[in-house]
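Colleague: structural data only, the sequence is not supplied:
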C-alpha cells in the first residue's frame, strides 16, 4: 500500500445535512508525524510522472429483502469520480470485479466493532494488490451522526491484511440518500494514509 498525501476539495454532507459522515477514527499525533516523514521520503523518490494503477474489487453486501442493492452504473459513477479527482496525481483506478453477496448479518452489523472483520476475511480479494471497497448499511451513532463511510489506515495493518480497503454506506454512492457522491474519493484518501486535517484543530502537526 502506498502512503501518499493528496490534496482535494471535499464538501462534507455534515455542512448540508448535519451528518457526521466519515467514521474513520482519529490518528494519534505520533502516527501523523511518522506518516508525514514517510510521505516526504516517498515523494522525494517517486519519478515525477510515474503513473500509479489501482485495481478495484467492489463488494456489494445486501440484505435478503434486497436492501442495499444498487446498479453497476452506480459503481461506475463512483469509479469515474475517483479517476477525476486523482487524475492530477497520475493515479488511475480500474474496476476489476463486482462481487454481490446476500448476508443479513453482515449487511446490518457491518462496523469496526462488529461484523466487518469476518466479512472482510471472507470477501477480501488479494488486498496487497487490489483496493477492496465494501458497501453495507452502516450504523447510526446518535440522531445527528450517520456513518457514511470509514477506512482503516494503511499503517495499521500489514500490506496483505484483509482490512486494507474501505467501506461505504450504500446510501453514500452518487445519487444516494446521504448526498455524499465523493464518499469513495474521501475514503480513498484515508486508504492512502491521508488523515483529517482538522484532527488537532488545524494546528501542528496537521496540514
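Modeller: In hand now; what should we look at? A quick note: this is a predicted structure, and the numbers were derived from the prediction, not measured.

Colleague: only C-alpha atoms for contact and neighbour calcs from this point on.
Modeller: OK.

Colleague: give the other helices and strands that the strand or helix carrying residue 189 contacts.
Modeller: When elements are assigned from DSSP states H and E, residue 189 belongs to helix 183-191. Under the contact definition 3 or more CA pairs under 8 Å, 6 or more residues apart in numbering; DSSP states H and E, helix 183-191 sits against helix 72-86, strand 149-151, strand 165-169.

Colleague: residues of the lengthiest helix in the chain that come out buried?
Modeller: Identified as the longest helix of the chain according to DSSP state H is helix 29-45. Of the residues in helix 29-45, 32, 35-36, 39 count as buried by neighbour count, 16 or more other CA atoms under 10 Å.

Colleague: quick check: mean pLDDT across the helix or strand following it?
Modeller: Later in the chain than helix 29-45, the nearest helix or strand by DSSP H and E is strand 52-62. Computed over strand 52-62, the mean pLDDT rounds to 97.

Colleague: leaving out the residues flanking it, which one is nearest to residue 100?
Modeller: Sequence neighbours aside, residue 60 is the residue nearest to residue 100 in space, at 4.7 Å (criterion: CA to CA, 6 or more residues apart in numbering).

Colleague: need the contact list for the residue nearest to the spatial centre of the chain.
Modeller: The centroid of the chain falls nearest to residue 187 when counting by CA atoms, centre = their mean (2.9 Å). Neighbouring residues of residue 187 by CA atoms under 8 Å, 6 or more residues apart in numbering: 22, 149-151, 166-167.

Colleague: could you do residue 177 as well?
Modeller: Per CA under 8 Å, 6+ apart, neighbours of residue 177: residue 171.

Colleague: can you check residue 121 too?
Modeller: Applying CA under 8 Å, 6+ apart to residue 121 gives the contacts residue 162.

Colleague: next one: residue 102
Modeller: If a contact means CA under 8 Å, 6+ apart, then residue 102 has 61-64 as its contacts.

Colleague: okay, how far is it across stretch 146-160, tip to tip?
Modeller: Terminal residues of stretch 146-160 lie 30 Å apart, using CA to CA, to the nearest Å.

Colleague: and that stretch, what's buried?
Modeller: For stretch 146-160, a neighbour-count test (16+ other CA under 10 Å) marks 146-155, 159 as buried.

Colleague: could those residues be laid out in JSON lines, adding pLDDT and distance to residue 130?
Modeller: Putting these into JSON lines (pLDDT from 0 to 100; distance: CA to CA, whole Å) gives the following:
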{"residue": "146", "pLDDT": "73", "distance to residue 130": "28"}
{"residue": "147", "pLDDT": "84", "distance to residue 130": "24"}
{"residue": "148", "pLDDT": "89", "distance to residue 130": "22"}
{"residue": "149", "pLDDT": "94", "distance to residue 130": "19"}
{"residue": "150", "pLDDT": "94", "distance to residue 130": "18"}
{"residue": "151", "pLDDT": "94", "distance to residue 130": "15"}
{"residue": "152", "pLDDT": "93", "distance to residue 130": "15"}
{"residue": "153", "pLDDT": "89", "distance to residue 130": "15"}
{"residue": "154", "pLDDT": "88", "distance to residue 130": "13"}
{"residue": "155", "pLDDT": "84", "distance to residue 130": "16"}
{"residue": "159", "pLDDT": "92", "distance to residue 130": "11"}
